[in-house]
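>>> model the structure of this input:
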Amino acid sequence: MADVSSLPGQRWLTIIGIGEDGPAGLGEEAKRLIASAPAVFGGARHHALAASLITGEKLSWQSPFERSIDAILERRGTPVVVLASGDPFLYGVGATLSRHVAAEEIYTIPTPSAFSLAASRLGWPLQDVTTISLHGRPLDLIRPHLHPGRHIIALTSDEKGPGELAALLAAAGFGRSRLTVLEALGGDRERQRHTAAADFDLAEVDAVNVCALHVAAGEGARILPFAAGLEDNLFEHDGQITKREIRAVTLSALAPRHGELLWDVGAGSGSIGVEWMLADPSLKAIAIEQSPARAARIARNASAFGVPHLAIVEGSAPDALRGLPEPDAIFLGGGGSEPDVIDGAVAALKRGGRLVANAVTLEMEAVLLSEHTKRGGSLTRIDISRAEPLGGMSGWRPAMPVTQWRWTKG
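Numbers count the residues shown, from 1 in each chain. Got it, this is the predicted structure:
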C-alpha cells in the first residue's frame, strides 16, 4: 500500500485510533505513519501512549478546540497525523474534523472503540446494545433509554462519571440496575467492577472508563414510553400544558422528520417541544415563552426527559421570533391570537414547513377560522371526555374542545 502521508494535496490528514495498549495494538502501517509525520496532534494521553513512535512535533489540543482545527487546516496538503481514542468516527475527533476536511483528504486507521471492547468483554451483541456518549455531555441524555431489560454502554467524562450516573439511576427509580464499570480497556490497568446503582461505592475509578448497564426498574421508576402523548403527570406544569390526548394528535399533525427544527410558541410547560425531540435524536426545538417562571420550568422538564439541549427563548411573539433559526415546523399553543403572531410565523416558516395551531378560546378559534378561509389547510375539532366519579357511579366529563388548524407552506 502506498504511504498516504507522502501524497500532498490528497490524503494529507491521517487519523489513527490508538488504544490503551499503545503501539502494541497498532499495525505496521499506523506505526510508520506516526513515525514519519512532521506533526502529530492529539491529547496528552495519546501522545504519552505513542511516545516511542513520535519523531515529529507534538501538538496538544488547544482550548477552544477550534484553534486546533485551524492549526491543522494551516498544514493542509502536508502530512499531518491526528491521534484519537479507538474509532475516531464514533463520538470522536474524526466526526469533528470531517466537517472541515473532505473525505477524499482523510485517511483513517481505527482501532476497536470502547463500546466494542466493552461489549466483547461482557458478551453482549453490540447490535442489541444502546450506546451513548456522556463524555462532556449532560448525564440526562440517558433518561429516554432507561427501559427495563435494556443493555446500555455509556462513555463517561472522567472518574466521577460512574458515581454520578449511579446517583441519577437511583433517583429515577432504577437503583436496582446492574452497573459494570470497565476501566482502561485494552491496557495493563484494565479491570471490571460490578455493583447495583443504588449501592455504588466504587473507589479510585480510572478516568478512562465506560459504564455498562443492565436496566432494572423499581416501583415508581420514571419510564418514558416511546409513543407520543406522555402522561401529563410526568411533566412539571402549572396547568398550562397541552393535554396528553391533544398532544398526541398535535405531534402527529406536526409530523417530525429527520433533522428538523420546531418552534414551540407559547410553550407553557414545553411538553410539545420535549416530545418532538424525543421522537428522534436528530430533532431540535426552540421553546418561546414569555413567563420567566414557565421558562425555568421548561428547562427542568427538558432535563427530566433527557433532552437538555431544548433551546429556550424568553419573550413574547412576534418580537421573540426575530433572528431565530428558520423552522421546519411551528406550533402555536399560546398567544396566537395576538396581532401579527400568525403572520410572523408564516413568514418565518420554511417552504414545505408545517404550521399547527390549537385554539381553546373563542377568540383564537375565530383567528383560525379566518386563517383557514384565507390560506387553506385543514381544520379539526377535537373533543375529549373522561370518565369521572358522579355520585356513587361514574359519568363522562367533557374537556374543553380544541380546534386545530394545520397548514403547509407552499
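>>> just the C-alphas of stretch 288-295, formatted as PDB.
Output in PDB follows, covering the C-alpha atoms of stretch 288-295 (Å, rounded to 0.1, in the frame of the first residue of the first chain):
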ATOM      1  CA  ILE A 288     -40.600  30.500  23.200                       C
ATOM      2  CA  GLU A 289     -42.200  31.500  26.500                       C
ATOM      3  CA  GLN A 290     -42.900  35.000  27.900                       C
ATOM      4  CA  SER A 291     -43.100  33.900  31.600                       C
ATOM      5  CA  PRO A 292     -39.700  33.500  33.400                       C
ATOM      6  CA  ALA A 293     -41.200  31.000  35.800                       C
ATOM      7  CA  ARG A 294     -42.600  28.900  33.000                       C
ATOM      8  CA  ALA A 295     -39.300  29.200  31.000                       C
END
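>>> who's in contact with stretch 163-181?
122, 134, 139-140, 142-143, 146, 154, 156, 162, 192-200, 202, 205, 209-222 (Cβ atoms under 8 Å, 6 or more residues apart in numbering). In short, each C-beta sits where N, CA and C put it, glycine included.
>>> out of those, which end up buried?
Buried by 16 or more other Cβ atoms under 10 Å: 134, 139-140, 142-143, 146, 154, 156, 162, 195-198, 200, 202, 205, 209-217, 221, out of these.
>>> among these, which are located in strands?
The strands, defined by DSSP state E, take in 154, 195-196, 209-214 from the buried ones among the contacts of stretch 163-181.
>>> my read is that residue 205 contacts residue 184, right?
No - Residue 205 is beyond contact range of residue 184, at 10.3 Å (criterion: Cβ atoms under 8 Å).
>>> any residues in contact with both of the two?
By Cβ under 8 Å, 6+ apart, no residue touches both residue 205 and residue 184.
>>> still on that earlier bit, could you single out the nearest of the ones in strands among the buried ones among the contacts of stretch 163-181 to residue 399?
residue 213 (39.2 Å; Cβ to Cβ).
>>> wait, that closest one sits on residue 152?
Yes - between residue 213 and residue 152 there is a contact under Cβ under 8 Å: 4.3 Å.
>>> show me where the stretch 251-400 of the chain has helices.
271-278, 292-304, 341-348, 362-375 (DSSP state H, counting those that start in this stretch).
>>> residue nearest the centroid of this structure?
By Cα atoms, centre = their mean, the chain has its centre lying nearest to residue 281, at 5.2 Å.
>>> check it and give its pLDDT.
pLDDT, the model's per-residue confidence, is 95 for residue 281.
>>> pLDDT of stretch 313-321, averaged?
Mean predicted lDDT for stretch 313-321 stands at 93.
>>> kindly report the same for stretch 353-366.
Stretch 353-366 comes out at a mean pLDDT of 95.
>>> and it, what's buried?
Those would be 353-360, 364-365, for stretch 353-366 by 16+ other Cβ under 10 Å.
>>> residues in contact with it?
Contacts to stretch 353-366, defined as Cβ under 8 Å, 6+ apart, come from residues 242, 246, 250, 253-255, 327-333, 336-337, 342, 345-346, 349, 367-368, 371, 377, 400-409.
>>> okay, strands next: where are they in the stretch 251-400 of the chain?
Here the stretch 251-400 of the chain has its strands, by DSSP state E, counting those that start in this stretch, at 261-265, 284-289, 311-314, 329-332, 354-359, 378-382, 385-390, 393-398.
>>> for residue 22, find the nearest of these.
The minimum distance between residue 22 and these falls on strand 284-289, with 39.5 Å, by Cβ to Cβ.
>>> one step back: distance to residue 89 for the helices of the stretch 251-400 of the chain - can I get that in CSV?
Output for those, formatted as CSV (distance: least, Cβ to Cβ, whole Å):
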stretch, distance to residue 89
helix 271-278, 24
helix 292-304, 28
helix 341-348, 35
helix 362-375, 45
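>>> so of those, which one's packed in deepest?
helix 271-278 (a mean of 27; mean count of other Cβ atoms under 10 Å).
>>> so residue 335 touches residue 342, yeah?
No - with contacts counted by Cβ under 8 Å, residue 335 stays clear of residue 342, the gap being 10.2 Å.
>>> OK, contacts around residue 111?
17-19, 25-26, 86-87.
>>> how about the strands of the stretch 251-400 of the chain, which one is nearest residue 46?
Distance to residue 46, taken as Cβ to Cβ, is lowest for strand 284-289 among those, at 32.0 Å.
>>> how close does residue 216 sit to residue 178?
7 Å (Cβ to Cβ, to the nearest Å).
>>> next, count neighbours for the residue nearest to residue 334 when sequence neighbours are not counted.
Distance criterion Cβ to Cβ, 6 or more residues apart in numbering; nearest residue to residue 334, sequence neighbours excluded, is residue 266 at 2.6 Å. Per other Cβ atoms under 10 Å, the neighbour tally for residue 266 reads 24.
>>> ok, now residue 129?
Residues lying near residue 129 (other Cβ under 10 Å) number 18.
>>> surely residue 283 and residue 262 touch.
Yes - with contacts counted by Cβ under 8 Å, residue 283 reaches residue 262, the gap being 7.2 Å.
>>> intersection of neighbour lists for those two?
Taking Cβ under 8 Å, 6+ apart as the contact rule, residue 283 and residue 262 both touch 256, 276.
>>> who has more neighbours out of the two?
residue 262 (26 against 21).
>>> please name the residues that touch the more buried one.
254, 256, 272-273, 276, 283-286, 327-331.
>>> and the nearest residue to residue 333 once chain neighbours are set aside, how far from residue 378?
Nearest residue to residue 333 in three dimensions, chain neighbours excluded: residue 266, at 4.8 Å (Cβ to Cβ, 6+ apart). Noted for residue 266: a distance of 21 Å to residue 378, by Cβ to Cβ.
>>> gap between the residue nearest to residue 209 when sequence neighbours are not counted and residue 203?
Among residues not flanking residue 209 along the chain, residue 183 sits closest, at 4.6 Å (Cβ to Cβ, 6+ apart). Per Cβ to Cβ, residue 183 is found 12 Å from residue 203.
>>> joint contacts of the two?
In contact with both residue 183 and residue 203: no residue, using Cβ under 8 Å, 6+ apart.
>>> more crowded one of those two?
residue 183 (21 against 7).
>>> among the strands of the stretch 251-400 of the chain, which is nearest residue 50?
strand 284-289 (37.6 Å).
>>> what is the closest one packed up against?
strand 261-265, helix 271-278, helix 292-304, strand 311-314 (3 or more Cβ pairs under 8 Å, 6 or more residues apart in numbering; DSSP states H and E).
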